[in-house]
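# give me coordinates for this.
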Amino acid sequence: MILISMTNAVQAWGDHPLLDHADLMINEGERIGLIGRNGTGKSSLLKVLAGVEKLDEGVLQQKNGIHVTYVEQEPVFPEAGDLLESLILRGGIDKIDDEKRRWQIQAKIIEYLHRFGINESTLDVKKASGGEKKKAALSLGFALSPDLLLLDEPTNHLDIDAILVLEEIILSEFKNSRSLMTVTHDRSFLNRISDRIVELDRGVLRSYPGSFEQYEQRKTEELSVEETARRKFDKFWAQEEVWIRKGIEARRTRNEGRVRRLEQLRIQRAQRRDQIGSAKISLDAGEKSGKLVAELIDVNKSFTNKDIVKNLSLRILRGDKLGLLGPNGVGKTTFIKLILGQLQPDSGSIRLGTNLQIAYFDQLRNELSPEKTLVETVSPGSDWVEVAGTRKHVVGYLNEFLFPPHRVNVKVSSLSGGEKNRLLLAKLFAKPANLLVMDEPTNDLDIDSLELLEDTLSRYPGTVILVSHDRSFMDNVATLVIAPDPNGNWSAYVGGYDEWIEHRKKMVQVPQEVKLKASASVRVKNQTRVKLTYKETKELERLPEEIENLENRRESFILAMQSPEYSQKNPEEMIQDGQEMKRIEEELTEKYARWEELDAKQQQSLSK
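Down below sits the predicted model:
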């Protein structure tokens, strides 16, 4: 059944058409990925479907009684005493007449917050990070159980753990009668959750059934056919222009039809929209650095008794593309600051190589001054930049990063998130650097720009240290990835994101392996003197079974909460279930930490 249809839709921003007589149909049970270049109108289309904005022309029809929820790119929260109250106000839940329905939604909000690792009673909305706000807004969107959920860049500010949770929720809950449309630049996320891709290109909407990978294959074929047709058209048009300039022959009556045909060709040529231009990113690697870029020997760094880096020894060589993996807060930015000398290790040594020219891409964009213009940012005090030995006018250089000439003197504060990222890239790449340190460079970039940046970094002869939650980007650029465990021990993963994720699953989700390992340790204990006390030994023997029981209880709760019958449950019981789920998660965390502590103590004793 059709949920929403849009026919002959027209919407413009100034004289720039966002929708040019476009058509769209959304059916029940679809998961649609909406893609297109930055500034083409994707967010505006979501707002039209949500009823936030109206079409200039055209018809928008909806199924009777449809419930649509829109989660914007940068969620705004009403002031309230706590997070839960703020979400209730944001969702208009306080205005629902049915008290049971209010309690049900509130319980669902708590459930989703816990799945994202957020405690509704302790998080201060005013101090919340971008990632915490996004998780809260998504939790509200899911709890409202809409027929159609519209998500604008849902993975922005989320770390990999939160993205994986988001994927699982979408795949399990948006099927049959419930639908979803999302705008995202995360290709791995898009490829996993989408069963149809809709492309917004020069005001026209084109639909491609299947995954993002299937879309890319078909799009490549289409562009090839389109380019061939354009070359043929341009050749024919050029021949007719030569003919008309012959003059006398063209004015003969019997050739009036040919003249009219040429006039029509000129109109078609004028109306034709060529493919949107692509950024042209070039990198100047400057002079070669020494073969050794950085060497870390037994480096340790901790904050408030938490080990961030523990006994790390690592050599980074010229030309390495080193990727840093892990959820937010594990120490990736700390690692970068140690390399850059912005932080000093608690112990151990860090030695940098010779002749290093470092460019640092900061995820907080601290390198950008809001009051400066684009020209002042990229080339202060000069109209020229020199890149890889080529002198370029700053206006032309900015145009290579998709900034048109009429915008080069606007202030940085007026730019969108994607534009600020492109400007920071332009600023960094305007000077030679043989070591690029890039902390989340992919945020807000469209897919075309991401792929171009990938290609540029892959061909770059210098050294790269990269942090990104974009799995496709990391896998396509990094030649080596490292990630820490909860205790600050960093390990290398040759297989990139996939290998790291599988490793973590084995560590957390296979209690039988934990049991076998613990049992083996206990058997060895009978043959070797250990320093565990009798009480600790018995505790270590019990822990694997206790962990397994908690895992099973957690799984039972999750299955129950996902069942259709769960929504009919008493609201107070649903809240109690959410609290019990939270208690189980906390107890599991404690049990795993205790098992690791006791097992490590036993292994140290056995090695003596």
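# quick one: low-confidence parts of the stretch 451-600 of the chain?
Low-confidence segments of the stretch 451-600 of the chain (pLDDT under 70): 507-531, 558-559, 561-568, 571, 574-575.
# go with 90
451-462, 469, 475-480, 485-488, 491-600 (pLDDT under 90).
# hey, where'd the strands end up in it?
Assigned by DSSP state E, counting those that start in this stretch, the strands in the stretch 451-600 of the chain fall at 463-467, 480-484, 490-493.
# now, of these, which is deepest in the fold?
strand 463-467 (a mean of 23; mean count of other C-beta atoms under 10 Å). (C-beta placed from N, C-alpha, C; glycine too.)
# and that one, how far out from the chain middle?
Centroid displacement of strand 463-467 relative to its chain, using C-alpha atoms, centre = their mean, to the nearest Å, is 18 Å.
# who are the packing partners of it?
strand 306-317, strand 321-324, helix 332-340, strand 435-439, helix 471-477 (3 or more C-beta pairs under 8 Å, 6 or more residues apart in numbering; DSSP states H and E).
# can you list the neighbours in contact with that strand?
For strand 463-467, the external contacting residues (C-beta atoms under 8 Å, 6 or more residues apart in numbering) are 289, 293, 316-324, 332-333, 336, 339, 363, 434-441, 457, 474, 477-478.
# show me which of those residues are buried.
Applying 16 or more other C-beta atoms under 10 Å to those, the neighbour count classes 289, 293, 316, 318-324, 332-333, 336, 339, 363, 434-441, 457, 474, 477-478 as buried.
# scan the chain for its longest helix.
Looking across the chain with DSSP state H, the single longest helix is helix 571-606.
# in that one, what's buried?
Judged by neighbour count (16+ other C-beta under 10 Å), helix 571-606 contains these buried residues: 571, 574-575, 577-578, 581-582, 584-585, 588, 591-592, 594-596, 598-599, 602.
# please apply the same query to stretch 421-435.
By neighbour count on 16+ other C-beta under 10 Å, the buried set for stretch 421-435 is 421-430, 432-435.
# for Asn489, find the nearest of the helices and strands packed on strand 463-467.
With C-beta to C-beta, the closest approach to Asn489 among the helices and strands packed on strand 463-467 belongs to strand 306-317: 5.4 Å.
# average model confidence for that closest one?
For strand 306-317, mean pLDDT is 91.
# same deal with stretch 324-333?
pLDDT averaged over stretch 324-333 gives 88.
# that one: end-to-end distance?
Terminal residues of stretch 324-333 are spaced 9 Å apart (C-alpha to C-alpha, to the nearest Å).
# contacts for it next, please.
For stretch 324-333, the surrounding residues in contact (C-beta under 8 Å, 6+ apart) are 129, 131, 159-162, 301, 308-309, 335-336, 363, 439, 465-467, 474, 481-484, 486, 488, 493, 497, 500.
# how far does it sit from the chain's center?
With C-alpha atoms, centre = their mean, you get 15 Å for stretch 324-333.
# what does stretch 436-453 give?
Mean-position distance between stretch 436-453 and its chain equals 10 Å (C-alpha atoms, centre = their mean).
# how long is it from one end to the other?
Distance between the two ends of stretch 436-453: 13 Å, counting by C-alpha to C-alpha.
# go on, stretch 481-492?
End-to-end distance for stretch 481-492, by C-alpha to C-alpha: 6 Å.
# list the contacts of that stretch.
Contacts for stretch 481-492 (C-beta under 8 Å, 6+ apart): 302, 306-312, 314, 322-326, 330-331, 335, 474, 480, 493, 496-497, 500, 507, 593, 596.
# and if you look at stretch 63-80?
Outside of stretch 63-80, the residues within contact range by C-beta under 8 Å, 6+ apart are 1-4, 43, 46-47, 49-52, 62, 86-90, 125-126, 130, 133-134, 136-138, 140-141, 144-154, 156, 417.
# mean confidence for that stretch?
92.
# tell me which residues of that stretch are tucked away?
For stretch 63-80, burial by neighbour count (16+ other C-beta under 10 Å) applies to Val68, Thr69, Tyr70, Val71, Glu72, Gln73, Pro75, Phe77.
# quick check: the first one vs Leu46, distance?
Taking C-beta to C-beta, to the nearest Å as the criterion, Val68 is separated from Leu46 by 10 Å.
# name the residues contacting each of these two.
Listed as contacting both Val68 and Leu46 by C-beta under 8 Å, 6+ apart are Leu150.
# mind checking which of the contacts of stretch 63-80 are buried?
Buried among the contacts of stretch 63-80 by 16+ other C-beta under 10 Å: 3-4, 43, 46-47, 49-50, 62, 86-88, 90, 125, 133-134, 136-138, 140-141, 144, 146-154, 156, 417.
# show me where pLDDT drops low in the stretch 151-300 of the chain?
Applying pLDDT under 90 to the stretch 151-300 of the chain flags the ranges 156-157, 175-177, 201-203, 213-292.
# in helices, which of the buried ones among the contacts of stretch 63-80 appear?
Members of those lying in helices (criterion: DSSP H): 43, 46-47, 49-50, 86-88, 90, 133-134, 136-138, 140-141, 417.
# list the contacts of Leu457.
With contact set as C-beta under 8 Å, 6+ apart, Leu457 has these partners: Leu283, Lys321, Leu436, Val464, Leu466, Val477.
# specify which member of those is nearest to Pro404.
Closest approach to Pro404 among the contacts of Leu457 (C-beta to C-beta): Leu283, at 22.8 Å.
# in strands, which of the buried residues of stretch 421-435 appear?
If you go by DSSP state E, those have Leu435 in strands.
# next, the buried residues of stretch 100-118.
102-116, 118.
# which outside residues touch that stretch?
Residues outside stretch 100-118 that contact it (C-beta under 8 Å, 6+ apart): 83-84, 87-88, 91, 93-94, 96, 119-120, 132, 135-136, 138-140, 142-145, 161-162, 165, 169, 561, 567, 571-572, 574-575, 577-579, 581-582, 585.
# same question, stretch 137-144
With C-beta under 8 Å, 6+ apart as the criterion, stretch 137-144 contacts 67, 69, 71-72, 75, 77, 87, 90-91, 105-106, 108-109, 111-113, 115-116, 118, 149, 151, 154, 166, 169, 173.
# and it, how far out from the chain's middle?
Chain-centre distance of stretch 137-144: 19 Å, with C-alpha atoms, centre = their mean.
# mean confidence score for it?
The average pLDDT within stretch 137-144 is 96.
# got the CA positions of it in CSV?
The C-alpha coordinates for stretch 137-144 follow below in CSV (Å, rounded to 0.1, in the frame of the first residue of the first chain):
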residue,chain,number,x,y,z
ALA,A,137,16.3,12.1,19.4
LEU,A,138,16.5,8.7,17.6
SER,A,139,15.1,7.0,20.8
LEU,A,140,12.1,9.4,20.7
GLY,A,141,11.6,8.8,17.0
PHE,A,142,11.6,5.0,17.4
ALA,A,143,9.4,5.2,20.5
LEU,A,144,6.7,7.1,18.7
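# quick one: the helices in the stretch 301-450 of the chain?
Here the stretch 301-450 of the chain has its helices, by DSSP state H, counting those that start in this stretch, at 332-340, 374-378, 394-400, 417-429, 447-459.
# meant to ask about the stretch 101-250 of the chain, not that
In the stretch 101-250 of the chain, the segments counted as helices under DSSP H, counting those that start in this stretch are 130-143, 160-173, 187-193, 212-244, 248-251.
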